[in-house]
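Peer 1: requesting a structural model of the entry that follows:
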Amino acid sequence: MTFQTTARRIAALALLAMLADASHAAAQVAGMPAGWRSITDAAARHEPGQLEPNGGEAYRFVDMAPGWHITTGPGTLLFNPAVAASGRFRLETELFFFPNPTDQPLGIFVGGTGLDGPLASVQWFGLLIRRDGTAGVMHNHGTEHHPMVPYAKADSLPPHPGNDTPRVILAIDVEADSVRFFVNRGRVAAVPRADLKLDGPFGFRVGQGLNLHVVRLDYTSKLAPARGQGGQGGQGGQGGQDGQDGQDGKDGKGGKGG
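Peer 2: A predicted model of the protein is given here:
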């Protein structure tokens, strides 16, 4: 084998690797909701028509009032890059989890970065649930998933019954000093905000072979000072802050996430 032949083969392999990684980069395709992008774990086609959950060859994300319908294929990240969270905020979604799901996780994420580049550059922080009634908090970097709060049974999340379509409400509440995670109005985890980079695009993470209908995705920016920040901090402010855990923030919602 000559030096030139070896060099050509190395160059060809490098090009194939680049093309494979590029197939995972964020893309908007025909039939998806306007402005939204997808990043799939493996190359797959978007199928706007009827689609059953599958092993990875196709996925579906379409407008279906009220809300959107999502069917996977490969594990998929869905987001609108024109809508980004910042500062103190709350992200909440309400969805219906269709029958006979796989054991793959689904949920919402915040702090998306590198979403316009190759898969290796993608990062996000997410609240994820699984059909067995467990919930966890993950930091994703490329193909690596680092548990910030490992999956554990959540009292507020019964296991999926299999042949039914349970409603699930997920929320991430971001304050200046902490981040709290809720499933069906019950708090399942909390972590210090510290140096977490949570500003940026947000959206859905849906694992392989799942089928769900999202009724709403609400992003609320918190404008009023939090308890202990500035001013006299009257009783009203304390009640609003403390009420998050018990009522899961039943205040007015912000603009829709799409």
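
Peer 1: and Leu119, what are its phi and psi?
Peer 2: The phi and psi values for Leu119, taken as degrees, to the nearest 10, are phi -60, psi -40.

Peer 1: and the contacts of stretch 45-57?
Peer 2: Stretch 45-57 has contacts (C-beta atoms under 8 Å, 6 or more residues apart in numbering) with 29-32, 38, 41-42, 44, 58-62, 71-74, 101-102, 208-211. Where C-beta positions appear, they are placed from N, C-alpha and C, glycine not excepted.

Peer 1: point out where the stretch 101-250 of the chain drops to low pLDDT.
Peer 2: 229-250 (pLDDT under 70).

Peer 1: quick one, helices of it?
Peer 2: Per DSSP state H, counting those that start in this stretch, the stretch 101-250 of the chain carries helices over the ranges 235-247.

Peer 1: please, where are all the strands along it?
Peer 2: 106-113, 123-129, 134-141, 144-153, 167-174, 178-183, 186-192, 200-206, 211-221 (DSSP state E, counting those that start in this stretch).

Peer 1: which helices and strands does the second one pack with?
Peer 2: Taking 3 or more C-beta pairs under 8 Å, 6 or more residues apart in numbering; DSSP states H and E as the contact definition, the neighbouring helices and strands of strand 123-129 are strand 106-113, strand 134-141, strand 167-174, strand 178-183, strand 200-206.

Peer 1: could I get the pLDDT score of the closest residue to Ser221 other than its chain neighbours?
Peer 2: Among residues not flanking Ser221 along the chain, Phe89 sits closest, at 5.2 Å (C-beta to C-beta, 6 or more residues apart in numbering). Note for Phe89: predicted pLDDT of 98.

Peer 1: pretty sure Phe89 contacts Ala226?
Peer 2: No. Using C-beta atoms under 8 Å, Phe89 makes no contact with Ala226, being 11.8 Å away.

Peer 1: between the two, which is the more surrounded one?
Peer 2: Phe89 (20 against 15; other C-beta atoms under 10 Å).

Peer 1: bridging residues for that one?
Peer 2: Beta-bridge partners of Phe89, counted by DSSP bridges, are Val174, Ser221.

Peer 1: ok so, going back, mean neighbour count and distance to Asp218 for the helices and strands packed on strand 123-129 - can I get that in JSON lines?
Peer 2: Below are the helices and strands packed on strand 123-129 laid out as JSON lines (neighbours: other C-beta atoms under 10 Å; distance: least, C-beta to C-beta, whole Å):
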{"stretch": "strand 106-113", "mean neighbour count": "24", "distance to Asp218": "11"}
{"stretch": "strand 134-141", "mean neighbour count": "20", "distance to Asp218": "19"}
{"stretch": "strand 167-174", "mean neighbour count": "21", "distance to Asp218": "9"}
{"stretch": "strand 178-183", "mean neighbour count": "22", "distance to Asp218": "13"}
{"stretch": "strand 200-206", "mean neighbour count": "25", "distance to Asp218": "11"}
